[in-house]
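S.K.: got a predicted structure plus its sequence, pasted below:
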There are 2 protein chains.
Amino acid sequence: MRTDDTTMTIGRLARAARLGVETIRFYEREGLLAAPDRTASGYRLYPPDTVERLGFIRRAKGLGFSLAEVRELLGLAEPRGSRARVKELTEHKLAEIERRIDELHRMREALAELNRQCSGHGPVEGCPIIEALNEESGHE
Amino acid sequence: MRTDDTTMTIGRLARAARLGVETIRFYEREGLLAAPDRTASGYRLYPPDTVERLGFIRRAKGLGFSLAEVRELLGLAEPRGSRARVKELTEHKLAEIERRIDELHRMREALAELNRQCSGHGPVEGCPIIEALNEESGHE
DNA sequence: CTTGACTCCGTAGTCGTCTACAGGGTGTAA
DNA sequence: TTACACCCTGTAGACGACTACGGAGTCAAG
């Protein structure tokens, strides 16, 4: 197999991108990565900039984008993409993250209050946490 | 079928607890709900306090506990339960929620900064969001 | 020529929490 | 009697993002 310095097999790509080989094949099936050229024996041969593309995917995921959204962002990153749409996706994601933060804040406040009330000593009878779970709290 | 005022069929229980019938059967399979008595023809007959138990489950889930954790909490709510363990579970959950909040905060800050930098007008070339996704950001 | 690492494909399994059938039996009211 | 709502079981599907596996072919080094 000739893998000159301009192409790499899937294993090398996986190491370079800090991903599993299976994950890369999965991304190809999912349309995040174009099907690469093959050797005569069928091995995938990737151009080196594929590492960057996988980096893009990794970073977008790190910002909270789903693979479907990453797929769209990758499409928008092409010359004909719309910057307005990129900003729109970003704002949607931002709003979604804020909703999740709000919900977690509500959980945290409720849980912290129960935790504060509970001594942690003695039998479970009278435990304020269990008692709260046993009762309607009004707004539910 | 005789459903006096002390027992109810699964459909009535589901309405009372604001859950689906399938969900209740699922909770039974998962060990959150004991298998109830049956009529001669095999219908499940629930004592009315099952509504409370399902309320407990709903509230615990609302606080962020997984079904596995709810199962343990239900066990601890019995007379022989340990209050220390209840508090321990609560503190673990609290820490977990705080980790998730922190992670979401980090995403929000990064995303908000990119969003702020992006005008939303014009072609995608030069879009700060896409450019950020295309580059290493140092600590990754 | 053998070994061992690598690759291929296709399929199926994992996690958690349901949700939806299909194909029956049961209960009740008109 | 007929209609209809309800109940039963067992199995499969849904979501998202992988991860694993079996069985086979390929490549480079010793």
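M.R.: Sure thing, it's come through.

S.K.: quick one, longest helix in chain A?
M.R.: Using DSSP state H to define each element, chain A has its longest helix at helix A:83-117.

S.K.: what is the helix or strand following that helix packed up against?
M.R.: Using DSSP states H and E, the next helix or strand after helix A:83-117 towards the C-terminus is helix A:128-134. For helix A:128-134, the packing partners by 3 or more Cβ pairs under 8 Å, 6 or more residues apart in numbering or on different chains; DSSP states H and E come out as helix A:83-117, helix B:50-62, helix B:67-76, helix B:83-117. All C-beta atoms are positioned from the backbone trio N, CA, C, and that covers glycine.

S.K.: residue A:45 belongs to a strand?
M.R.: Yes. Residue A:45 forms part of a strand when assessed by DSSP: H, G, I helix; E, B strand; the rest coil.

S.K.: show me what contacts the nearest residue to it once chain neighbours are set aside?
M.R.: Leaving aside its chain neighbours, residue A:45 sits nearest to residue A:7 (4.2 Å; criterion: Cβ to Cβ, 6 or more residues apart in numbering or on different chains). When contacts are counted by Cβ atoms under 8 Å, 6 or more residues apart in numbering or on different chains, residue A:7 touches A:37, A:45-48.

S.K.: distance check, residue A:7 against residue A:27.
M.R.: 18 Å (Cβ to Cβ, to the nearest Å).

S.K.: and for the closest residue to residue A:127 other than its chain neighbours, the neighbour number?
M.R.: Counting by Cβ to Cβ, 6+ apart, residue A:127 lies nearest to residue B:83, which is 4.6 Å off, once chain neighbours are set aside. Neighbours of residue B:83 under the rule other Cβ atoms under 10 Å in any protein chain shown: 21.

S.K.: same thing with residue A:128?
M.R.: 17.

S.K.: now do residue A:122
M.R.: For residue A:122, using other Cβ under 10 Å, the count is 11.

S.K.: could you do the one 4 residues further on as well?
M.R.: The burial count assigned to residue A:126 is 11, neighbours taken as other Cβ under 10 Å.

S.K.: equivalent analysis for residue A:42, please.
M.R.: Residue neighbour count, defined by other Cβ under 10 Å, stands at 6 for residue A:42.

S.K.: looking at this, it is in a helix?
M.R.: No. Assessed by three-state DSSP, residue A:42 does not belong to a helix; its assignment is coil.

S.K.: and the gap between it and residue B:82?
M.R.: Applying Cβ to Cβ to residue A:42 and residue B:82 gives a distance of 59 Å.

S.K.: same deal with residue A:25?
M.R.: 48 Å.

S.K.: with residue A:12 instead?
M.R.: Residue A:12 is 53 Å from residue B:82, by Cβ to Cβ.

S.K.: can you check residue A:33 too?
M.R.: Per Cβ to Cβ, residue A:33 is found 51 Å from residue B:82.

S.K.: these two: which has the busier surroundings?
M.R.: Using other Cβ under 10 Å as the criterion, residue A:33 and residue B:82 rank with residue A:33 on top: 21 against 15.

S.K.: need the three-state assignment for the more buried one.
M.R.: coil.

S.K.: contacts only, for it.
M.R.: Here residue A:33 is in contact with A:24, A:27, A:50, A:53-54 (criterion: Cβ under 8 Å, 6+ apart).

S.K.: spit out the contact partners of the most centrally placed residue in chain A.
M.R.: Note on chain A: the residue nearest the mean C-alpha position is residue A:61, at 3.7 Å, using Cα atoms, centre = their mean. With contact taken as Cβ under 8 Å, 6+ apart, residue A:61 is in contact with A:67, A:70.

S.K.: repeat for residue A:34
M.R.: By Cβ under 8 Å, 6+ apart, the neighbours of residue A:34 are residue A:28.

S.K.: ok, residue A:134 next?
M.R.: Under the criterion of Cβ under 8 Å, 6+ apart, the neighbours of residue A:134 are B:52, B:55-56, B:77.

S.K.: output the set of residues of chain A in proximity to DNA strand D.
M.R.: Neighbours of DNA strand D within chain A, by Cβ under 7 Å from any atom of the strand: A:1-3, A:20, A:22-23, A:26, A:39-43, A:61, A:66-68.

S.K.: this completes my enquiry, with thanks.
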